[in-house]
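In: next one to model:
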Amino acid sequence: ANPPQLHSNLKFIQLYRRQSKLVSEAAYYLTNLVSAKSFIVDLNAKSLSIEESEFMESMEAARLVNRVPQETVTTIDKRSIFGKLMDPGPSTPVHVKTQTNVNGGSNYPYMEAEAGELTVGDVERLLSLYKDVVTKYTSLCNTVRHLSVSRTRRHDELLREPNGTHKDTCSKETEKR
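Out: Down below sits the predicted model:
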């Protein structure tokens with residue numbers, strides 16, 4: 001969730017809410033929210049005790065991954081509006097076991113459904129879920145490929161000496177002899 005004006009809302013609560021009201025669960029929630037906001041605002045490589053390049057790569061990978069679900073949501077919304085215009089009629093609900101994600105929602109409600117249980121009305125939802133899975137998979141592959149290429153480059157840079165020549169492990173062994 002990304003509530004608008006989170007910083008100003010938190011500041012307002014801290015300044016103008018009666019302290020007698022900020023007790024127990026409300027105070028605990030506010031403290032956690034302020035701490036989370038501060039952590040995100042102050043986030044950098046040094047605060048996480050990692051290298052700057054690794055931090056930047058991870059941030060870029062997160063941006064790439066976050067870009068895809070937003071695009072998927074807008075296309076799903078467009079499809080649902082279009083689907084209302086072309087409604088195939090009532091369908092019987094599929095009663096299947098569903099996997100529950102962290103947020104409590106079902107990611108793939110047709111995961112254990114049998115072909116005979118599906119109706120024509122389920123096709124639109126199945127197609128939407130299929131496109132969502134393919135989009136996420138493609139994004140994940142691109143991110144992993146980007147990370148592996150950048151790590152390979154970093155590994156190659158570590159193997160090079162300061163004067164730009166490549167360290168050769170074989171030549172070190174011949175020097176020892």
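In: now for residue 146, how many residues are close by?
Out: 14 (other C-beta atoms under 10 Å). Bear in mind the C-beta positions are built from the backbone N, C-alpha and C, glycine included.
In: now the helix or strand containing it: average pLDDT?
Out: Following DSSP states H and E, one finds residue 146 within helix 122-159. What helix 122-159 shows for mean pLDDT is 79.
In: which strands and helices lie in contact with that helix?
Out: On a contact count with 3 or more C-beta pairs under 8 Å, 6 or more residues apart in numbering; DSSP states H and E, helix 122-159 meets helix 52-85.
In: so where's this protein uncertain?
Out: 1, 68-107, 150-177 (pLDDT under 70).
In: give me the domain ranges for it.
Out: 1-42, 50-176 (automatic domain parsing).
In: just the C-alphas of the one helix or strand residue 31 maps to, formatted as CSV.
Out: Residue 31 is part of helix 24-41 when elements are defined by DSSP H and E. C-alpha atoms of helix 24-41 as CSV (Å, rounded to 0.1, in the frame of the first residue of the first chain):
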residue,chain,number,x,y,z
SER,A,24,-1.8,0.7,23.8
GLU,A,25,-2.4,-0.6,20.3
ALA,A,26,-2.7,2.8,18.6
ALA,A,27,0.6,4.0,20.0
TYR,A,28,2.3,0.7,19.0
TYR,A,29,0.9,1.0,15.5
LEU,A,30,1.9,4.6,15.1
THR,A,31,5.4,3.8,16.4
ASN,A,32,5.8,1.0,13.9
LEU,A,33,4.5,3.1,11.1
VAL,A,34,6.9,6.0,11.9
SER,A,35,9.8,3.6,12.2
ALA,A,36,9.0,1.9,8.9
LYS,A,37,8.8,5.3,7.1
SER,A,38,12.1,6.4,8.7
PHE,A,39,13.7,3.2,7.6
ILE,A,40,12.6,3.6,4.0
VAL,A,41,13.5,7.3,3.8
